[in-house]
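Engineer: structure of the sequence below:
(2 chains)
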Amino acid sequence: MSLKRKDLLGMRDLSVEEVTLILETADSFKEVSGRDIKKVPTLRGKTVVNLFFEPSTRTRTSFELAAKRLSADVINFTTSTSSMVKGETLLDTASNIQAMRADFIVLRHPAAGAPHILARALQASVINAGDGGHEHPTQALLDLFTLREKKREFRGLRVAIIGDISHSRVARSNIFALTKLGAEVRIAGPPTMIPRDIEHLGVSVFYNLDEALAGVDVIMMLRLQLERQGIALFPGIREYATCYGLTPERLRMASPDVLVMHPGPINRGVEISAEVADSVSSVILDQVTNGVAVRMAVLYLLSGGK
Amino acid sequence: MSSGNASLLIRHGRVIDPGRIDGPADVLVQDGKIAAIGRDLSAPAGIEVLDAYGKYILPGFVDLHVHLREPGFEYKETIKTGMAAAAAGGFTSICCMPNTNPVNDTRAVTEFILDRAKRPDSVHVFPIGAITKGSEGKELAEYGDLRSAGCVAVSDDGKPVMNSMVMRRALEYARAFNLPVVDHCECKHLSDGGVAHEGLVATELGLQGIPSAAEDVMVARNIELAELTGGRLHLAHVSTAGSVRMLQAAKARGVRVTAEACPHHFTLTEEAIREFNTNAKMNPPLRTRKDVEAIKAALKDGTIDAIATDHAPHAAHEKNREFEYAPFGIVGLETALGLSLLLVEEGVLTLERMVASLTSGPANAFSLAKGTLAMGADADIAIVDPDAQWIVDPDQFQSKGRNTPFGGWKLKGRVVKTLVSGREVYSSAMSDAEHRV
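Structural biologist: Below you'll find the predicted structure:
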């Protein structure tokens, strides 16, 4: 089995069948990571290039481990070492990498649509590891994988996504994915962080966190990008934490077996209190573990699944 | 053929000069001027005769909004290639925006442009001077000097005047020279960081939006200031239903305001940017169906005076990149007629109204003695084959710019010949690549 596509650019384009295939494939790769010898020869001789134009520890490491556990060769390019600083265009940089016969380019880039440019121009498989405020499909896939492990069924699942929806690629990918899978998606945050017309994507919008959390099965907290204060999306961290921070009291609004998720890195005491982050409801570290399995599945399925 | 005394007889066409004539007629050109229009005119001895059977004979089009890029950005377009693109699109008069390098804020730059534009077989170029020195929005440019050097309007296009006092003074001071003040209405605070219309598509693509309100608040301000000062205001590239509504009300109460709309704004919506198509990235951005409908209605009832292209050529490498980093703008001179004719086909505009939007409408907005086939006027003429089907192929453009979202579109109606003062400046036979130099 394989994905009948060269690239993974976003959740919006994926069918339910494709999502299911990726999650089922990830099941078996999760088992590999649990072994003493965490390696299979699946992608031996293939080259994976992590091309990261934004700082990232978690995602890059996760892709690197995924590729290595599949026996691929991995190269990491990051902004500080890349030609970007010399004024080379993204396409030229990527074309050079392809000329070295890379099979996969995993791209993290601050501009929405950047991986689409490469996908159109290159023969290599392009995997979107986060493009601006657009999508972060492997994050959504690992979130889905984690949900499926704990909750089994997506249909009817009540999920609240909390925070700066406007600037969040994690929120977009999850909204596209969860609505497709039949979950009931609520989004909440200050009105300055809710993008226009988002309700047309099939989500309900809340400005009051307590209302948004009432009876939900899953809470996805988004990282507050502290640097965005400058353009006055909210008055300050103190007020944000008061109005939109997830505390143990607020957690009680949700269903008793609620799951708390966060794509990391977390700001303890800002969008999520330390107690909640470390509580039994938190599956934040499961997400990280599952990230490797899901990325192994994506690499494997894009390579033809042989 | 294109030189000589510029006299010829164009026969058997359908002559459309809005408000003057619409019907089968011949047009006699003598010494570069319109000498007679009527049925079965007899050809003076030895005069060249052009058969225009089945064709429209129209006043040459007038474009109030063109970026020729020279001086400073010759890699995008030159005055020469921009004029060739205009001629190919049936435009015989084009007004060029001052956002060159240096900015056209002095007589010297205006004279440079006019000098470069002075060619025997070319369209008329009318420079637009800057509102403020360096288009920095602070000190007024020297309108008296710019006017006498040949500028026909002032604008800080692309760098809208944010300071309301400066805008007030511009509208006030320009009255002394009867210059229209052209504003690209955009509140830079509201549009900050925006690259696409603030709506569902930008939300899905994760792009920072430019709300309609960024345009509307400036339209409102400018109309109030025009009313206060009695100055002549011209609104560039109207893109929102809100602008149309305010424009209509302002005109109804006698404010001296005119406006233009671009073919892309009455043809496309925000949907065109899906797949991050940078050739659909322009400012103001493509908006919603509702806005498109409002602009069409305003062209129909004359609330919007002119169709203008906002022809904005860019080099391929500048557009072939991340959507957020690509420059705003598309080329428009060579597709304007075909797209405008779609409005006629749809029944939105009568043919006469469409022709007026490309000729007398813009000419009157800037008080240019152009866009007419009146007796004694310069014989600036576009001959159009209304039945010619063609597919837009950007590689065939005369413009250096290939940045259009209309590549591959099938259009109907094409310019076959463009005359300036009776001299041929474009003929469709020359448009094939092998005839190009």
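
Engineer: where does the residue of chain B most remote from its centre fall, phi/psi-wise?
Structural biologist: The centre of chain B is farthest from one residue, residue B:45, which by Cα atoms, centre = their mean lies 38.4 Å away. Main-chain torsions, residue B:45, degrees, to the nearest 10: phi -60, psi 130.

Engineer: contact partners for residue B:200?
Structural biologist: Each residue near residue B:200 by Cβ atoms under 8 Å, 6 or more residues apart in numbering or on different chains is listed here: A:196, A:197, A:200, B:270. The way it works is simple: take the backbone N, C-alpha and C, and place the C-beta from them, glycine included.

Engineer: and the residue lying closest to residue A:244 once chain neighbours are set aside, how close does it get to residue A:187?
Structural biologist: Leaving aside its chain neighbours, residue A:244 sits nearest to residue A:209 (5.4 Å; criterion: Cβ to Cβ, 6 or more residues apart in numbering or on different chains). Going from residue A:209 to residue A:187 by Cβ to Cβ, to the nearest Å gives 11 Å.

Engineer: next: residue A:61.
Structural biologist: 29 Å.

Engineer: neighbour count winner among those two?
Structural biologist: Using other Cβ atoms under 10 Å in any protein chain shown as the criterion, residue A:61 and residue A:187 rank with residue A:187 on top: 27 against 15.

Engineer: what's in contact with the helix or strand hosting that one?
Structural biologist: Assigned by DSSP states H and E, residue A:187 belongs to strand A:184-188. Here strand A:184-188 makes contact (Cβ under 8 Å, 6+ apart) with A:156-162, A:165, A:171, A:174-175, A:178-179, A:194, A:198, A:202-209, A:211-213, A:216, A:244.

Engineer: now which of the residues you listed would you call buried?
Structural biologist: A:157-162, A:165, A:171, A:174-175, A:178-179, A:194, A:198, A:203, A:206, A:209, A:212-213, A:216, A:244 (16 or more other Cβ atoms under 10 Å in any protein chain shown).

Engineer: let's see which of these end up in helices.
Structural biologist: Members of the buried ones among the contacts of strand A:184-188 lying in helices (criterion: DSSP state H): A:171, A:174, A:175, A:178, A:179, A:209, A:212, A:213, A:244.

Engineer: what's the most distant pair in those?
Structural biologist: Using Cβ to Cβ, the pair of these lying farthest apart is A:179 and A:244, separated by 22.4 Å.

Engineer: okay, now the unreliable bits of the chain?
Structural biologist: I went with chain A, as the question did not name one. For chain A, the stretches with pLDDT under 70 are A:80-86, A:227-231, A:305-306.

Engineer: wrong chain, I was asking about chain B
Structural biologist: For chain B (pLDDT under 70), the answer is B:1-5, B:430-437.

Engineer: who in it is up against chain A?
Structural biologist: B:192-193, B:198-200, B:202-209, B:211, B:275-276, B:317, B:320-325 (Cβ under 8 Å from any Cβ of the partner chain).

Engineer: go again with 7 Å.
Structural biologist: Neighbours of chain A within chain B, by Cβ under 7 Å from any Cβ of the partner chain: B:198-200, B:203, B:205-207, B:209, B:275-276, B:320-325.

Engineer: ok, and the closest non-adjacent residue to residue A:94?
Structural biologist: That would be residue A:118: by Cβ to Cβ, 6+ apart, it lies 4.8 Å from residue A:94.

Engineer: which SS class is residue B:337?
Structural biologist: Classification of residue B:337 by DSSP: H, G, I helix; E, B strand; the rest coil places it in helix.

Engineer: what are the ranges of the helices in the stretch 201-306 of chain A?
Structural biologist: A:209-213, A:237-244, A:248-251, A:274-277, A:284-302 (DSSP state H, counting those that start in this stretch).

Engineer: would you mark the buried spots in the longest helix anywhere in chain B?
Structural biologist: Ranked by number of residues, the top helix in chain B under DSSP H is helix B:212-229. In terms of neighbour count (16+ other Cβ under 10 Å), helix B:212-229 has its buried residues at B:212, B:214-223, B:225-227, B:229.
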